[in-house]
Structure formats: structure tokens, C-alpha cells
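Novice: okay, predicted coordinates and the sequence, questions at the end:
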There are 2 protein chains.
Amino acid sequence: MCFGMENTMDINHTLNEVLVRLFRDINMIEERALRTGEYKDVTTNDMHVIEAIGMEGTKNMTKVARLMEVTTGTLTIAVNSLVRKGYVYRTRSEEDRRVVLVSLSEKGKRAYLHHSKFHEHMIDSVLEELTEEEQVVLEKALTKLLCFFQTN
Amino acid sequence: MCFGMENTMDINHTLNEVLVRLFRDINMIEERALRTGEYKDVTTNDMHVIEAIGMEGTKNMTKVARLMEVTTGTLTIAVNSLVRKGYVYRTRSEEDRRVVLVSLSEKGKRAYLHHSKFHEHMIDSVLEELTEEEQVVLEKALTKLLCFFQTN
DNA sequence: AAAAAATAGTTTGAGAGTCAAATTATTCAT
DNA sequence: ATGAATAATTTGACTCTCAAACTATTTTTT
């Protein structure tokens, strides 16, 4: 009922349609779902930084940049903004004073959990209408899709 | 074999992993796959414009902008660049001189086909490992996923 | 027919995100 | 102790985005 995915279309075409939409809209969709209430000022990119920093303690800039596959210069700018907005702490390491350590503030941790809850909710919502056998097929297909990307 | 998706993980977790990766990396992945050879200078965004203009004749700016869900101002800039790079023609309508008509050049059409081939190849790669019933299940699951996005 | 309103597109100003290359500060190695 | 390597930031340039101002043209109203 969501929109016209009538079964007159062949599966190949339908799949292509769905994937094209997912590709094109996924970031916008996720951003819209995430930027609510307390987290109005968090962009998708901000959220990825928050995710990469993670809940456990601190990480240095190079490590976070590598996780995100961006340059440290790019990350510096993203972290500037997140520090300004109060999601991230930035401190200099005492052992090696070249190193900058970043970590999530309480607000940052709340945003992290907000984000994970969204993902859980999404997964649950998708899975709850599928049988176990169907879930296995979905997993197989998506893993294959990722595999295709990583080798092409 | 692509990466560690061992079956010790429960399916929910695996699915979440895959979706997170697809979310985060899909644009980068697609861009990397598309920007090859002749099409080195085509960004993902450029490709979406090319897709929205389409293979059949001309469209006006407003129509293309609506398809892409961006403002006409944004589209003007994208089209400037695509005209400069030789993928798109821009002409003024004779019937209504306010209207600007855009269409794909030969190079633009080749890029369009390059893009569709990539998608076809991708879909085939995913489907070739699934039985017909599994394909039906996959379609159902993905449609559900898209549905979730469009209503949440 | 003249004036006002509506429409199509471009331009402008501003902000986010990105990279490569230059720069600064610090540590490691010889 | 000097030179090389490393960590991060800064700079300059580009793309993508929007809202709002603007230009040109067409349509509607009076």
C-alpha cells in the first residue's frame, strides 16, 4: 500500500526500483528520522562521527578518520562542529602530546543511543512481518549485495 | 567470504550490521563503481541528474528538480556543470520563453546506459544465488523496508 | 490595452562536507 | 642533536544544498 509495487512487474524490475530508491533516498530518510527533538542539530555526518567515536572511552583523530574513511582534515572540521554543539569532548593526550583524543559527552552518548534505537526499531519493523525462513533469505541477499560492492 | 559474517552471530545483529554498512557506504560505493574510464568526472549527484533527465527527449528544469526533490536553484548549478562537461544540452523553449529544456547529449546517454548496466549487473549478482521463491521473499522484505522509511 | 499576478529559471549568500597540500608541534631514530 | 616520521590543524578550492532576491516572460484582471 505504500506505493505502487504491483505484482504485474517482474521481480527483477521491482528489485531494481526498490534498490534505486533506497540508494537515492536512504540518507535523506535516515536524517529525517534522526533529527528530532533534542537532536535537531545533528546531521547524518555528525551521527556517523558519533558512531565512529563510540561509547567506550576515547579514540584519537587518526583512528576515527580511518574508521570513517575520510582525511583527518575533514574530521577536524566535523569535530569542531560537534564540540561546539556539545556532543564531543576533545582533549590532548598526556603520553603523546601530538595526539588528540575525542570522546562522547553525555549528550553525545544519548544521541548515540537514540541512533541505535532507530536502527533496532527499523530492523524489528522489517523482521516482524517475515518468517524465520524469510529473514534468512533477506540476510543472504543483503550480504551478497554488500559483497558485490566490496569486490566490484 | 567477503568479510566476517559468521553464522555465530544472530540474524538480527547480522542484518543490522549489513544495513548500517549499506546506509553509511552506499553512496561512496556506488560512486566508486561508476566513476571509471570515460565517466571519471561524473559524480553520484551528476548521475542522478542524468537519470532524472532520462533518455527520451527533453524535460524542463522544474520537472527535473521535482523528480530529484531539490530546488531549481540547486538544479541550475548541477546542470551548469553537466553542460560544461558535455553530458547535457540546455535550450530555451520556443513556445514559452521562460522555460529551459534539458536533454542528454550522446555522451550523456552513454553515461546513462553505463549506470543502468551497473545496476542490472548488481541485481543479477544478488539474484543469481537465490531460488525463485527466495527472490519473492526478498522483494517482499525490501518493499517492507522502503515502506518503513516512507512512513516513519 | 495596461497593470498586476503568476510562473520559470538564475543568481546570490551562506553553510556543510570533502580533499590535497602546506604548516605546526611533537616524538622517534640514528 | 639533528633529521625523519607522525598527529593534527589550517588553508584553498570544489561540490551540494537551500532560501531569498531577482530577471524575464506569460497569464490574468480590470
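Specialist: It's in.
Novice: beyond the helix or strand bottoming out on mean pLDDT in chain A, next helix or strand please.
Specialist: Ranked by mean pLDDT, DSSP states H and E, the helix or strand of chain A with the weakest confidence is helix A:11-34, at a mean of 74. Once the chain leaves helix A:11-34, the next helix or strand it forms, by DSSP states H and E, is helix A:44-53.
Novice: gap between that following helix and the chain center?
Specialist: Centre-to-centre, helix A:44-53 and its host chain are 7 Å apart (Cα atoms, centre = their mean, to the nearest Å).
Novice: stretch A:78-94 too?
Specialist: Computed by Cα atoms, centre = their mean, the chain-centroid distance of stretch A:78-94 equals 19 Å.
Novice: what do you get for stretch A:139-148?
Specialist: Chain-centre distance of stretch A:139-148: 18 Å, with Cα atoms, centre = their mean.
Novice: is that stretch anywhere near chain B?
Specialist: Yes: using Cβ under 8 Å from any Cβ of the partner chain, a contact is recorded between stretch A:139-148 and chain B, made by A:Glu139, A:Lys140, A:Ala141, A:Leu142, A:Thr143, A:Lys144, A:Leu145, A:Leu146, A:Cys147, A:Phe148. C-beta: built from backbone N, CA, C; applies to glycine.
Novice: in terms of secondary structure, what does whichever strand or helix holds the second one contact?
Specialist: In the assignment (DSSP H and E), A:Lys140 maps to helix A:132-151. Using 3 or more Cβ pairs under 8 Å, 6 or more residues apart in numbering or on different chains; DSSP states H and E as the contact test, the elements touching helix A:132-151 are helix B:11-34, helix B:106-127, helix B:132-151.
Novice: got the angle for it vs helix A:11-34?
Specialist: Between the direction of helix A:132-151 and that of helix A:11-34, the angle (axes from the mean of the first three to the mean of the last three Cα atoms, to 10 degrees) works out to 90 degrees.
Novice: name the surrounding residues that touch helix A:132-151.
Specialist: Identification of contacts with helix A:132-151 by Cβ atoms under 8 Å, 6 or more residues apart in numbering or on different chains yields A:126-127, A:130, B:1-3, B:5, B:11, B:14-15, B:18-19, B:21-22, B:25-26, B:29-30, B:33, B:122, B:125-126, B:129-130, B:134, B:137-138, B:140-142.
Novice: enumerate the residues of chain A near DNA strand D.
Specialist: Residues of chain A that fall close to DNA strand D, judged by Cβ under 7 Å from any atom of the strand: A:60-63, A:72-73, A:75-77, A:79-80, A:90, A:96, A:98-101.
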